[in-house]
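In: Sequence first, predicted model second:
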Amino acid sequence: MSTAFIALEHLEKSFPISLSAGTWLRYRGAVPRRQVLYDISLNIRQGELFGLLGGNGAGKTTLLKILATLSIPDRGTISVAGLDAQKDPMAVKRRIGLCVSEERSFYFRLTARQNLRFFGALVGLQGELLEQRVQDVLALVDLSELRDRRFDTFSSGMRQRLSVARALLGDPDIIFFDEPTRAVDPVHAQQIRYLIRDVLVTQCGKTAVVATNSLEEAWSICDTVAILRDGRIIAQDAPKVLDAQFARFLRYHITLDSVDASMLKSIEAMLGLRTLSSLQTIDGVSLKVELEPSGLAVDRMLRILTSNGVQIRSFRSEDPAPLDVFSGLTQDGNDR
């Protein structure tokens, strides 16, 4: 029995290619289906911020909707907070909040506060408790001063922040976010990330799952990231572990007291070197080096430097950029 707070085992999902009567008659009811998710297994710990990272069409939103009991998988099992999500979806719904990037469920002619009152009543809030929760969640997403403005006057970013507020109304243990910072300006995007990471997860101990196509967002706030491509998980681990495993190259910044042409030629001819640049500075000569992700390449470079009698004033590595790791993972033939 899994001890994970949220556990998925061998989950698969497909959709019919068409629901038209003509298609149904043509295939005698056995309409061909398009596979969206393939054999998905995940374990998410309580109090963890888990990221689902992938491009458009990777299957992130479908997976999130299945977790939120809004879609039924073709096969596989789902356990949320010890509850079987397929046998008891209503019990699961009482434990979760869902923040989607779509705005169609809001009432455009109502104010922000009126909208939240309506959705709060749907989750069972009433009277003073309802008013207090509406006030609290509006403050959390920095919309208190706009609470009496109609929804149809809101910008895209304001609408997205109101979606976050709606997901928090019932004070759920688990919150699912579908691209929570899409169409949000950088300042409020950072505030939303702070709210998710520092307030909801770190301070309040909630469990959060964030579906995003932003590499920087996943790397900056998530404890664990599952990378999806074409409905499959191609990697899953902490961002730092993925950095170490899947970076296509390593970057180093080296400062030397001096350098000559023969040493540069030796480095340029070195096996495992990708790029090399040098710059004269007031501290000496600065080298920027990209090497293949192998300790052998670093050893070769150090031997060249020390054999030439130069003084190494500094030697530091640069963390791989998330894009470098993602590119290394999604190259053809590199599904590890």
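Out: Looks like it came in fine.

In: which residues does Ala189 contact?
Out: By C-beta atoms under 8 Å, 6 or more residues apart in numbering, the residues touching Ala189 are Thr181. C-beta here means a position set from N, CA and C on the backbone, and glycine is covered the same way.

In: where does it land on pLDDT?
Out: Looking at Ala189, its pLDDT is 86.

In: Tell me the buried residues in the helix or strand where Arg251 lies?
Out: Secondary structure assigned from DSSP states H and E places Arg251 in strand 250-256. Using 16 or more other C-beta atoms under 10 Å as the test for burial, strand 250-256 gives 250-252, 254-256.

In: Quickly run through the sheet partners of that strand, with directions.
Out: Its sheet considered, strand 250-256 pairs with strand 284-291 (antiparallel), strand 312-318 (antiparallel) by DSSP bridges.

In: With only the CA atoms kept, save that strand in CSV.
Out: Extracted C-alpha coordinates of strand 250-256, given in CSV (Å, rounded to 0.1, in the frame of the first residue of the first chain):
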residue,chain,number,x,y,z
LEU,A,250,28.6,22.1,-17.8
ARG,A,251,29.6,25.7,-17.7
TYR,A,252,32.7,27.0,-15.8
HIS,A,253,34.1,30.4,-15.1
ILE,A,254,37.8,30.4,-14.5
THR,A,255,40.1,33.4,-13.7
LEU,A,256,43.9,33.0,-14.4
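
In: please renumber so the chain begins at 173
Out: Sounds good: first residue 173 from here, last item strand 422-428.

In: for the protein, what spans make up the strands?
Out: Along the chain, counting by DSSP state E, strands occupy 178-188, 205-216, 221-225, 247-252, 255-256, 268-271, 346-350, 379-384, 396-401, 404-409, 422-428, 445-453, 456-463, 484-490.

In: For Arg369, which of those strands is the nearest?
Out: Nearest to Arg369, of all these, is strand 221-225, at 6.1 Å by C-beta to C-beta.

In: Now do that closest one: distance to the chain's middle.
Out: 4 Å (C-alpha atoms, centre = their mean, to the nearest Å).

In: So which elements touch that strand?
Out: If you count contacts as 3 or more C-beta pairs under 8 Å, 6 or more residues apart in numbering; DSSP states H and E, strand 221-225 packs onto helix 232-239, strand 379-384, helix 387-393, strand 396-401.

In: Of the ones you listed, which shows the lowest average pLDDT?
Out: Note on the helices and strands packed on strand 221-225: lowest mean pLDDT is at helix 387-393, with a mean of 90.

In: what's it packed up against?
Out: Helices and strands touching helix 387-393, by 3+ C-beta pairs under 8 Å, 6+ apart, are strand 221-225, helix 358-366, strand 379-384, helix 494-502.
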